[in-house]
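Asks: kindly generate the corresponding structure for this input.
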Amino acid sequence: MSSQYECLKTADLYEAFGVAAPAQLLGKAVWPRQPGLFIRKAQVELTEPVADTPAVLELAQGQYGLVPPWVKSASDAKLRSTKLVNARSETVTTSTNFRDTWLQGQRCIIPMQAFIEDDWRSGKAVPTRIARVNGKPMGVAGLWERWHKDGEEIISFAMLTVNANSHELMRRYQQNGNEKRMPAILNEGAYSAWLTAPIDKAKEFMRTYSASLLLANPVQKK
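Replies: Below you'll find the model as predicted:
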């Protein structure tokens with residue numbers, strides 16, 4: 001389960017995704033129920049939509065850990081969201097927590113420099129930083145949601161994951177005996193397509209990322 005990742009620097013957001021950075025960047029590490037950044041289709045309606053036009057992207061901020069629209073209270077949202085940072089791609093269309101968000105096409109891209117997984121091969125959890133070999137940012141497929149009740153609003157998002165039992169790198173991580181999972185890392189040229197694809201085509205983006213393009217190193221303790 002990928003529950004922690006690293007945010008990007010200001011320049012990297014624009015260079016990699018073409019979106020302007022926020023006035024104030026967040027902390028480097030993003031944990032469940034902490035604020036993080038995500039990229040979505042701009043929430044504006046075009047008066048005259050043009051066919052085959054690339055999506056207009058915008059940067060948004062939300063809580064890492066999705067809050068389903070049916071949650072009854074903010075306190076309930078806080079309890080549930082820590083367990084809803086990851087959405088399994090195989091069950092996202094049937095999951096009570098994520099189904100409506102998926103069917104409404106509320107997809108996003110989570111920009112990150114790396115994500116953290118525990119290496120249990122020694123018998124102890126060794127936090128390991130997994131990044132692209134070339135050092136460039138990752139764009140991970142995600143879902144976002146807007147919850148509101150009694151004048152209170154929570155914008156939130158979750159990371160989509162795929163099975164990694166046969167992945168040459170990711171099968172080494174997470175606890176033994178558990179299914180291995182990894183974030184659904186998008187190819188750089190697929191960002192706009194992921195956000196605009198019809199619902200019945202969206203699952204085609206749910207695939208593992210080549211192990212040869214990833215690098216894993218134990219997290220250095222300060």
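Asks: let me see the ranges of the helices in the protein.
Replies: 10-17, 74-81, 99-103, 191-196, 199-202 (DSSP state H).
Asks: out of these, flag the one nearest Ser156.
Replies: Nearest to Ser156 among the helices of the chain is helix 74-81; the distance by C-beta to C-beta comes to 6.3 Å. C-beta coordinates here come from the backbone N, C-alpha and C atoms, glycine included.
Asks: what packs against that closest one?
Replies: Using 3 or more C-beta pairs under 8 Å, 6 or more residues apart in numbering; DSSP states H and E, the elements in contact with helix 74-81 are strand 152-163.
Asks: buried set for the strand it packs on?
Replies: Using 16 or more other C-beta atoms under 10 Å as the test for burial, strand 152-163 gives Ile154, Ile155, Ser156, Phe157, Ala158, Met159, Leu160, Thr161, Val162, Asn163.
Asks: strand partners of it, parallel vs antiparallel please.
Replies: Strand 152-163 pairs in its sheet with strand 57-64 (parallel), strand 86-88 (parallel), strand 138-149 (antiparallel), strand 181-183 (antiparallel), by DSSP bridges.
Asks: which of those sits most buried?
Replies: strand 181-183 (a mean of 24; mean count of other C-beta atoms under 10 Å).
Asks: center of the chain, which residue is that?
Replies: Met159 (3.1 Å; C-alpha atoms, centre = their mean).
Asks: distance-wise, check that residue relative to Ala11.
Replies: According to C-beta to C-beta, to the nearest Å, Met159 stands 23 Å off from Ala11.
Asks: same question, Ala21
Replies: The separation that Ala21 has from Ala11, given C-beta to C-beta, amounts to 8 Å.
Asks: any regions of this protein where pLDDT drops low?
Replies: Within the chain, the segments meeting pLDDT under 70 span 1, 44-54, 222.
Asks: check contacts around the residue nearest to Trp194 when sequence neighbours are not counted.
Replies: Nearest non-adjacent residue to Trp194, counting by C-beta to C-beta, 6 or more residues apart in numbering: Phe205, 5.0 Å away. Going by C-beta atoms under 8 Å, 6 or more residues apart in numbering, Phe205 touches Ala141, Ala184, Leu186, Ala190, Ala193, Trp194, Ala197.
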